[in-house]
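Chemist: With the input below, show me the fold.
(one chain, ligands or ions: 1)
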Amino acid sequence: MKQKNILQFIAIAVFSIVLFSSCNSTKEKIINVENARIKALIVNGQMNKSHDDKQSSPILEKILELTGEFNVEIATTPPQGSDMSNFKPQFSNYDVVILDYVGDDWPEETKTNFVNYVQDGGGVVVFHAADNAFPDWKEYNEIIGLGGWKGRNEKNGPYVYWENGEIVRNDTIGRGGKHGKQTPVLIETRNPDHPIMKGLPTAWIHAKDELYGDLRGPANNIDILATGFSNPETNGTGKNEPALFTIKYGKGRTFHTVLGHVNGKGPHVAVECAGFITTFQRGVEWAATGKVTLPVPAEFPNAASWILWKNFQPLSLEDLVEAIKDYNLDDSREHISALSLRIRNSDQKPETLEMYEKVMIEIIESNATNDAKNLICRELSIWGSELSVPALEKLKSNKDCGEMADYALQRIQG
Ligand code: ZN
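Modeler: From the prediction side, this is the model:
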């Protein structure tokens, strides 16, 4: 009897230890996951009147949090003209500081802390108008590489742009900062081997944005990752302007994106652009860690069309199909491009291709517009099989789609 009690006691004790330690390891795991997340701080609070940080900062926060890789906090300064002496964010508590601020000088202590943070290896991301800030703060301009407006001129450094396959530094006298009318922008990769750029196409269209040009600055240790063509037809500079670039300052890393104009009521297509979102997420990760693990999405845009993610992430396949059904000839082809890219960049296993083929058959058999059906016929001419034949045969009698249906049938059967 006594022995049985002892055995019971031992059994309970062992069970408790196992239970306790398994709880503990789960708890540890959760803590580790949280620790593994990148700590990002967005700085905002003041802005010039052509931008709105109250709208852009929460969008940037959402874009980062959707990856599951970042913990994001926002440090907001007091409003313009008020006492700044208590604005003292602890930059060193973060892996990366994202600048969405143009306004009054920070207190000296905060400026020193920021420079020391970068010097010691901190990451910095310069978002669009933040390169207008602090024209007279020498270290800030070294950290951001290039800036514009607020009296910048030849004293701030050369104009920097891309010409004949190389970076140009031009010391011509003149003001720094110019942009043309807002327009979609052709972005071209200049350093395909950089971790942020690996796997991206050599050229892609960025949705309508305000492309900065004629930026000037010290541009020490600059690496131009991609340029945007500033089209003179829309009052641009006519040059391939740095759009995405990095700067090395001390042990720190800066990723600078001039893309992302946000103001007014929206929609804010510059930051809904899949190309902006992907390069921003990857750029922030690189600035924080020196590496990029975030994948390039299947539907990253190409030089044919921009792609918008209204919720800052790709549409579900169902929603994408519904959007394609409404396509009219004058619309952007973003949705059909997205579907086409998803197929092209998929694993292309027979079952995957069959799934996409069924989706396309559903569209040509639905009440989709004839323009949508014609675009789908073009895709079926590439990806279609015997499975599509009955639906295409039926579509031949539609006077607006018959020609494309016939074309697809010939390609499939030929
Ligand atoms: Zn802007």
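Chemist: Every contact and neighbour count from this point should use C-alpha atoms.
Modeler: Will do.
Chemist: Now stretch 143-152: average pLDDT?
Modeler: Across stretch 143-152, pLDDT averages out at 98.
Chemist: Quick check: buried residues in it?
Modeler: Using 16 or more other CA atoms under 10 Å as the test for burial, stretch 143-152 gives 143-149, 152.
Chemist: Kindly report the same for stretch 367-380.
Modeler: Across stretch 367-380, burial judged by 16+ other CA under 10 Å covers 368-380.
Chemist: With stretch 202-213 instead?
Modeler: Neighbour-count burial for stretch 202-213, counted by 16+ other CA under 10 Å, picks out 203-213.
Chemist: ok, these vs D319, which is closest?
Modeler: Proximity of these to D319 (CA to CA) peaks at A207, which lies at 20.3 Å.
Chemist: The closest one belongs to a helix?
Modeler: No. With DSSP: H, G, I helix; E, B strand; the rest coil as the criterion, A207 is strand rather than part of a helix.
Chemist: From D100, how far off is E61?
Modeler: Counting by CA to CA, to the nearest Å, the gap from E61 to D100 is 11 Å.
Chemist: Name the residue in the two with the higher neighbour count.
Modeler: More neighbours surround D100 than the other of E61 and D100, with 27 against 19 (other CA atoms under 10 Å).
Chemist: Just the pLDDT at the more buried one, thanks.
Modeler: Here the pLDDT value assigned to D100 is 98.
Chemist: Run through the residues that contact it.
Modeler: Contact analysis of D100 by CA atoms under 8 Å, 6 or more residues apart in numbering lists 42-44, 47, 53, 56-57, 126-130.
Chemist: How about L329, nearest residue that isn't a chain neighbour?
Modeler: Once flanking residues are discounted, L329 sits nearest to D371: 6.0 Å by CA to CA, 6 or more residues apart in numbering.
Chemist: Surely that neighbour and Y327 touch.
Modeler: Yes. Counting by CA atoms under 8 Å, D371 touches Y327, with 6.3 Å between them.
Chemist: Which one of the buried residues of stretch 367-380 is nearest to D193?
Modeler: Of all the buried residues of stretch 367-380, the one with the least separation from D193 (CA to CA) is E379, at 31.7 Å.
Chemist: In the chain, what residue spans correspond to helices?
Modeler: Counting by DSSP state H, the chain has helices at residues 2-36, 53-65, 108-119, 138-144, 269-272, 274-289, 317-325, 334-344, 350-365, 370-383, 389-395, 402-413.
Chemist: hey, least reliable of those helices by pLDDT?
Modeler: Lowest mean pLDDT within these: helix 2-36, at a mean of 51.
Chemist: If I follow the layout properly, K178 ends up in contact with Y212?
Modeler: Yes. Counting by CA under 8 Å, K178 touches Y212, with 6.0 Å between them.
Chemist: need the contact list for the residue most central in space within the chain.
Modeler: The centroid of the chain falls nearest to I277 when counting by CA atoms, centre = their mean (1.9 Å). Applying CA under 8 Å, 6+ apart to I277 gives the contacts 63, 271, 312.
Chemist: how far away is L353 from S340?
Modeler: 11 Å.
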